[in-house]
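Asker: give me the fold of what follows.
(chains A and B)
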Number of protein chains: 2
Amino acid sequence: MKRAVVLLSGGLDSATTLAIARSEGFEAWALSVDYGQRHRRELECAARVAQSLGAARYTVVTVNLRAVGGSALTADLDVPKDRAYEDMGGGIPITYVPARNTVLLGLALGLAEVVEAFDLFIGANFVDYSGYPDCRPEFLAAFERLANVATRAAVEGRGTFHVHAPLLRWTKADIIRAGSRLGVEYGLTLSCYDPDAEGRACGRCDSCRLRLKGFQEAGLSDPARYQ
Amino acid sequence: MKRAVVLLSGGLDSATTLAIARSEGFEAWALSVDYGQRHRRELECAARVAQSLGAARYTVVTVNLRAVGGSALTADLDVPKDRAYEDMGGGIPITYVPARNTVLLGLALGLAEVVEAFDLFIGANFVDYSGYPDCRPEFLAAFERLANVATRAAVEGRGTFHVHAPLLRWTKADIIRAGSRLGVEYGLTLSCYDPDAEGRACGRCDSCRLRLKGFQEAGLSDPARYQ
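Answerer: The predicted model follows:
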């Protein structure tokens, strides 16, 4: 059975990505990164999602991106609420975390090398947020090229790394429909950037609004808990 | 004054790299990464080196690469001692940390974006250890390409990232001679992979042996403390 490392945040996209990796026959090593995100509650969800979707292992790596800052998710900046969808698409939002996906994929690559996997899965998507630089196809292609010169496994010719981003060009409704077919329990996931102490979603940040719109367009109801 | 982010481990190579960045007129933001390395004592050295060489800021980011493992520096594996120089050059040593430089440069890139720097300095060198995949020119070139598609700063056209590895093709003796001319206080640095509780170098690991050989070839004495 081929082994893959799947980045798992606890949100809707990465849960669907894990389900896709499993449906493609991969033994999945789920990896969550505690990077000091304000919505750390998502990590509890990630652990439950990993179990629910039959991940072979679940690993958490801590990296303190708060020491770097520069984002509403890792510094004391307000998370935007109640924004119009048109505004979300224009420019790069303040929830962009500098170099986050480079660091996350770097950690996934290190784990892949240790467990002898050559497939990395990430739930990157650039339909909703066309602005996030590190969710674009050219970024993922550049990381794949990097992976194949960065590692012992590649240099010794034991395999070629592939970065899989199956959701890249899907709408949120596409993602939810595909995940529902694959048995993703979306009630276990948390997409909110600013959940309350009980882990309930705010329903008003960009991430919540895009999620709710996606469920609506898919003709399904969102089982997540809202405030 | 142009600003650069300089990766600083506390060892000889990165201290020299910081001195070079300063001599080229950069305001230097020194960045150390506490990745769970067994020789964490090097971080105390890094802070002193940063001050001694006039870094504008000194930042430490913690990332738990022990959760990934796979190296004598981050797992419970023995650091090789008393190896012949010929053996050090053959293959990739067990002190290689999977994807470490990808993660370190990723963190440097994030910090650079936040502080509006476009120059990253790393003390990578591939003369002594030709085997380390992530110290090779092709790795550094691939990371530079990645940086220029990964970030808000690059996508918005505010600048182009450059990865500087001034030591890349130098021998250890070249590095020591250059650093000595630039006023690096090598007594503040620690290269050892396995220092004792007092922070004294073992003198026997590959890193100590290459350092001592470099000082000898440069006709200088090593001011570091040995056991």
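Asker: who are the contact partners of A:Val97?
Answerer: A:Tyr35, A:Gln37, A:Leu65, A:Gly70, A:Ser71, A:Leu73, A:Thr74, B:Gly110 (C-beta atoms under 8 Å, 6 or more residues apart in numbering or on different chains). No exception for glycine: its C-beta is placed from N, CA and C like everyone else's.
Asker: kindly report the same for A:Leu8.
Answerer: A:Ser14, A:Ala15, A:Thr17, A:Leu18, A:Ala30, A:Leu31, A:Ser32, A:Ala46, A:Val49, A:Ala50, A:Ala55, A:Tyr58.
Asker: out of the residues you listed, who has the most neighbours?
Answerer: A:Ala15 (32 neighbours; other C-beta atoms under 10 Å in any protein chain shown).
Asker: does A:Val61 really touch B:Ala67, like I thought?
Answerer: Yes - assessed by C-beta atoms under 8 Å, A:Val61 is found in contact with B:Ala67 at 4.6 Å.
Asker: adding secondary structure, pLDDT and distance to A:Ala4, write the contacts of A:Leu8 out as a markdown table.
Answerer: Below are those laid out as a markdown table (DSSP: H, G, I helix; E, B strand; the rest coil; pLDDT from 0 to 100; distance: C-beta to C-beta, whole Å):
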| residue | secondary structure | pLDDT | distance to A:Ala4 |
| --- | --- | --- | --- |
| A:Ser14 | helix | 98 | 13 |
| A:Ala15 | helix | 98 | 15 |
| A:Thr17 | helix | 98 | 10 |
| A:Leu18 | helix | 98 | 9 |
| A:Ala30 | strand | 98 | 10 |
| A:Leu31 | strand | 98 | 10 |
| A:Ser32 | strand | 97 | 15 |
| A:Ala46 | helix | 97 | 16 |
| A:Val49 | helix | 98 | 15 |
| A:Ala50 | helix | 98 | 13 |
| A:Ala55 | coil | 98 | 10 |
| A:Tyr58 | strand | 97 | 14 |
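Asker: what's the closest of these to chain B?
Answerer: A:Leu31 (8.9 Å; C-beta to the nearest C-beta).
Asker: show me the helices in chain A, by range?
Answerer: A:12-23, A:42-52, A:85-89, A:100-115, A:137-150, A:152-155, A:172-181, A:206-218 (DSSP state H).
Asker: looking at those, spot the one closest to chain B.
Answerer: helix A:100-115 (3.4 Å).
Asker: from the chain's centroid, how far away is that closest one?
Answerer: 13 Å (C-alpha atoms, centre = their mean, to the nearest Å).
Asker: now that helix and helix B:100-115, what's the angle there?
Answerer: Angle of helix A:100-115 versus helix B:100-115, following axes from the mean of the first three to the mean of the last three C-alpha atoms, to 10 degrees, is 170 degrees.
Asker: can you give me the angle helix A:100-115 makes with helix B:137-150?
Answerer: Using the same axes, to 10 degrees: helix A:100-115 against helix B:137-150 is 140 degrees.
Asker: name the helices or strands packed onto the lowest-mean-pLDDT helix or strand in chain A?
Answerer: Least confident element among the helices and strands of chain A, by mean pLDDT, DSSP states H and E: helix A:85-89 (a mean of 77). In terms of contacts (3 or more C-beta pairs under 8 Å, 6 or more residues apart in numbering or on different chains; DSSP states H and E), helix A:85-89 is packed against helix A:206-218.
Asker: since that was my last question, I'll sign off now.
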